[in-house]
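Student: Okay, predicted coordinates and the sequence, questions at the end:
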Amino acid sequence: MTRAGYAWIVTEQSITGNALQFAPEGLLAIKLHGGTNTSAHISDALKVVAKGYHSYLQTDGPTNSGPPQHCRTDVPWESGHIFYKNMVEAIIPHGSIGRIEFDSSGDMIAADYKIENLQNGNLVQIGSWMAGSDPVDIHKPNSIVWPGGARTPPVGFEISNHFRVVSIKSHPFTYVDPTLDDGSCLEDDALECTDHEGNAKCCSGFCMDLLVKLSTKLNFTFEVHLVTDENYGAYERINGTNKKTWTGLIGELVNERADMIVAPLTINQERTKVMDFSKPYKYQGLAILIKRPINTNNLSQVVRPFETKLWIVIFASIHLVAVILYLLDRFSPFSRPKRNQDEPDSCNISQAVWFTWSVMFNSGVGEGTPRSFAARVLGVVWAGFAMIIVASYTANLAAYLVLDKPKGGITGINDARIRNPSPSFRYATVERSSVETYFRRQVELSSMYLFMKDKNYANAEDAIAALKADEIQAFIWDSAMLDYEAARDCSLVTVGELFGRSGFGIGLRFNSPWTYKMSLKILNFHENGVMEELDSKWIRRQNICSRSDDQPRTLEMSSMGGVFILVAGGLVFSCFCIWVEILYKRKQDAKKRQLDLARVAVENWRSTVKVRLNFQAKLQERRRAGKMLNQVSQSSAAEKHNGVQGPAALEKEMDGTMPACLLSRRSQRSKLPPPPTAASRWNSAGHSAAMQARQPLYGEFELKERV
C-alpha cells in the first residue's frame, strides 16, 4: 500500500518523534500551527484560565464554595462545573498560536493547521488550512511527492453520500400510510416516500427509524421509494428462457435503481453473491404461526384434575365408608344410651352417609356423628384421607385453570403433519422470499417445498388473512414478524422452536465502501441499546397478548363454567327431590285419610252393634221382670183367697229378697226412654269414634270377620 496509486493522510502524532522514520515516502500530514512551541501553549493556557476565573468571580464566584485544598480529596467541588463552563466560554482573539476558542466539549474550534509532505525523509509545508475556510490552500501542488515517488496524484473515485433507499411494506418494520390533504404525514416520525406509481406516501416503522439514526451518525442523505413488484427478491428465469435475473428488492439494487435496501431482508448465501450485507440489526429465525386452539373442555375443567377411574373410586369409597361406619356403630355395645339418659341412639345409614360427605367437603357435622370408639377411629382416618384428596384436587385445579398452556395443533417443524404433507393440513409461506429459498435448498425439506409451491401467497398479510379464514392451517415465516402478529392478535400463536436461524441486514451494492461503516455503526447500536429502544417502540408496544405461558392468567367465565353448571345441576336435583317428597307425602296422607275413614266406620259400626245389644238385653230383662211380677200377683191373689197375706204385705216381705235392679226397673217402667233411632245411634257412634280417632286401629279384621 506504499506503492503508486495510494495516498497516505496522517495526523501530527504519526510524524512526531521516532514515528517519522517509519513513515512512508510521500505521505501528507496535518500539523497544528505552533503545535511544537511549548512556551506558546503554556502562555495561551494561562490566558484562558485567567479569563475564565475572572468571569467566574464576576458572575457566580461569591455565592459558591471555593476549590478543594488538594487534588486527592474525595469530596467533589460543587462549583467546579461552573468554573469549567466559564473557561470553555473564554475566547482569546490573538493568542501565541492564533485565535483560541472552544466548543461545548472543550475542543478548539478556531485552529490553524499546516499541511506537510514527507519528501526524502523531511517534512515540507505545501499548504495550510484555517478553521472556517474552505477549501484547503495548497501553495505548490506540482511539488507534492506521492507514495511510490509519483508526481501525479492517484486516480480515485467519488463516494456519494446520498442514497436511493428501497423498502417494502412489512409490519412492524415498514408501515405505509397515505398522506394528509396538505401532503404532510400524520405521525411526526414518518418519512416521505413514493410508491411504484410515484404517489407520495408516509413510511414509518422500525426500519425507517433505523435509517434516520444511521444517516445522522454517518452523515448521509437519502430518499425512500417502495419496491415495484412488492417482492423481497428471487433469482428467476425471464419468461421461461434460460436467462435469469433478480426480482424484487434485490433486483432494484442489482440493476442500480437503488443504492440501499432498508427492509426486513434476510441474509443468506445466495444473496451475498450479488450484494453486500451489513451486520444483522435483528437476529431471528423461522417460525410457524397457527390459530390458537379453542379450549372445548372449559365446562369440564372442574373434573380434569382427576381421571375418571379415580373419581369412581372416590365416590365408591365415600359410600363404602358410610356403610362400614353404620355397621360399626350399630353393632357396638357402647353406641346405645344407658337407661335414664337423654342421649341419641347410634347413627343410622343416612346419618353415616351425611357424615362421610361432610368430612370430605370440610363442612360442619351437626348431628349423626359416630358414638362407638371403632367408628370414631374410622372417622379420623377418613378425615385424613379427605384432607389429602381435597389438597391434591385444589393444587391440580389451580394448575389447570391458571397455568394452562394452549396446545397447538402441531408441535413444530418436525411434526408429522408438516414433514408428511397431506391435503387435510395445508400450510404455506410467501413466494419469491428467503423462506421459500430455504425450503428449496434443503434436501430433507424438498417434499414440503413441493407441497407449498403452488399454495404460497404474494405477501405475509394475505397469508395471515388466509390463516384466520381457515384456508390454511399454518403459516411459515420470519419469527420477528410472526411474534409481532401473535402479540397483536390473541387468536394466533407461534408453535415449536425456531429453525433456519439468520438475521435481517441492510443491503448495499457489491463492494460498497459504506458496508464497513454501516456494520460498525449497527454493532455500536447493539452495544448502546438503540436496537432495544426500537424493539420497545415498534414491536413490544403493541403487545396486547403480553401474558407469557409461564405466567398466571386471569380466570374467565368460560373457565369456571363447569362450577356453575354443577351448582345448577344441584338446584335442579334438589327441586326434583322436593317434588318427589311432596308426591310421597300426599300419597301417604291420602292413605292415612282412607284408614281414618275406615277406622271411623268401624267405630260407628261397633257403637251401633253395642247399643243394639244393650237395648235387646234391656228388653229381655224387662220381659223377665214382667213375668216375675205376673207370677207374684197371681200367687198373692191365690193366697188372699185362701186367707194368706195380701200382695202389699208380700211385697214388703220380698223387698229384702228381690234384686235391686228389678225394683228400680219396676219403679221406673213408666220412665223408660223410647228405643234409639238410627240418627241418634249414628251421632252417638260418631262422637265415640271422634273421641277415639287418635287411638290405634286394632282388631279391625277380627271385627269384620265377626260381622
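Tutor: Thanks, I have the structure now. Numbers count the residues shown, from 1 in each chain.

Student: low pLDDT regions in the stretch 501-650 of the chain?
Tutor: Counting by pLDDT under 70, the stretch 501-650 of the chain has low-confidence residues at 541-564, 566-567, 570, 636-650.

Student: can you give me the strands for it?
Tutor: Per DSSP state E, counting those that start in this stretch, the stretch 501-650 of the chain carries strands over the ranges 507-508.

Student: All the helices of it, residue numbers only.
Tutor: 515-528, 530-538, 561-641, 647-654 (DSSP state H, counting those that start in this stretch).

Student: Take the ones you listed and lay them out in a markdown table including distance to H171.
Tutor: The way it works is simple: take the backbone N, C-alpha and C, and place the C-beta from them, glycine included. Converted to a markdown table, those look like this (distance: least, C-beta to C-beta, whole Å):
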| stretch | distance to H171 |
| --- | --- |
| helix 515-528 | 22 |
| helix 530-538 | 9 |
| helix 561-641 | 36 |
| helix 647-654 | 140 |
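
Student: wait, which of those helices is closest to S79?
Tutor: Nearest of the helices of the stretch 501-650 of the chain to S79, taken as C-beta to C-beta: helix 515-528 at 31.8 Å.

Student: which residues touch the closest one?
Tutor: Residues outside helix 515-528 that contact it (C-beta atoms under 8 Å, 6 or more residues apart in numbering): 210, 213-214, 217-218, 276-281, 506, 508, 531.

Student: filter the residues you listed to the buried ones?
Tutor: L210, K213, L214, D276, F277, S278, K279, P280, Y281, I506, L508, M531 (16 or more other C-beta atoms under 10 Å).

Student: now, which of these lie within strands?
Tutor: With DSSP state E as the criterion, strands contain D276, F277, L508 from among those.

Student: Y427 and L467 touch, don't they?
Tutor: No. In this structure, Y427 is not within contact of L467 by C-beta atoms under 8 Å, at 9.1 Å.

Student: Give me the common contacts of the two.
Tutor: By C-beta under 8 Å, 6+ apart, the residues touching both Y427 and L467 are Q473, A474, F475.

Student: who's the second one bridged to?
Tutor: The reference is to A474. With DSSP bridges as the criterion, A474 is bridged to Y427.

Student: my guess is it meets Y427, correct?
Tutor: Yes. Using C-beta under 8 Å, A474 is in contact with Y427, at 3.8 Å.

Student: Overlap of the contact sets of the two?
Tutor: In contact with both A474 and Y427: I288, I418, using C-beta under 8 Å, 6+ apart.

Student: pretty sure D177 contacts L186?
Tutor: Yes. In terms of C-beta under 8 Å, D177 counts as a neighbour of L186; the distance is 6.8 Å.

Student: Now list whatever residues contact both of these two.
Tutor: C202.

Student: what's the neighbour count on M130?
Tutor: For M130, the neighbour count with other C-beta atoms under 10 Å is 15.

Student: how about it, what does it touch?
Tutor: D112, Y113.

Student: and it, what are its bridge partners?
Tutor: Where M130 sits in a bridge, its partners, by DSSP bridges, are D112.

Student: Quick check: the gap between C575 and D137.
Tutor: Separation of C575 from D137 (C-beta to C-beta, to the nearest Å): 107 Å.

Student: try N117
Tutor: For N117, the distance to D137 (C-beta to C-beta) stands at 14 Å.

Student: Pick out whichever of these two has more residues nearby.
Tutor: Taking other C-beta under 10 Å, N117 and D137 do not tie; N117 has more neighbours (20 against 11).

Student: any idea which element the more buried one lies in?
Tutor: strand 112-119 (DSSP states H and E).

Student: Tell me the helices and strands packed up against that strand.
Tutor: strand 28-32, strand 122-130 (3 or more C-beta pairs under 8 Å, 6 or more residues apart in numbering; DSSP states H and E).

Student: Determine the number of other residues adjacent to I238.
Tutor: 10.

Student: Now it: closest residue in space, sequence neighbours ignored.
Tutor: Spatial nearest neighbour of I238, excluding adjacent residues (C-beta to C-beta, 6 or more residues apart in numbering): T245 at 5.7 Å.

Student: Name the strands paired with the helix or strand containing the one you found and say parallel or antiparallel.
Tutor: Assigned by DSSP H and E, T245 belongs to strand 244-246. According to DSSP bridges, strand 244-246 forms sheet pairs with strand 235-237 (antiparallel).
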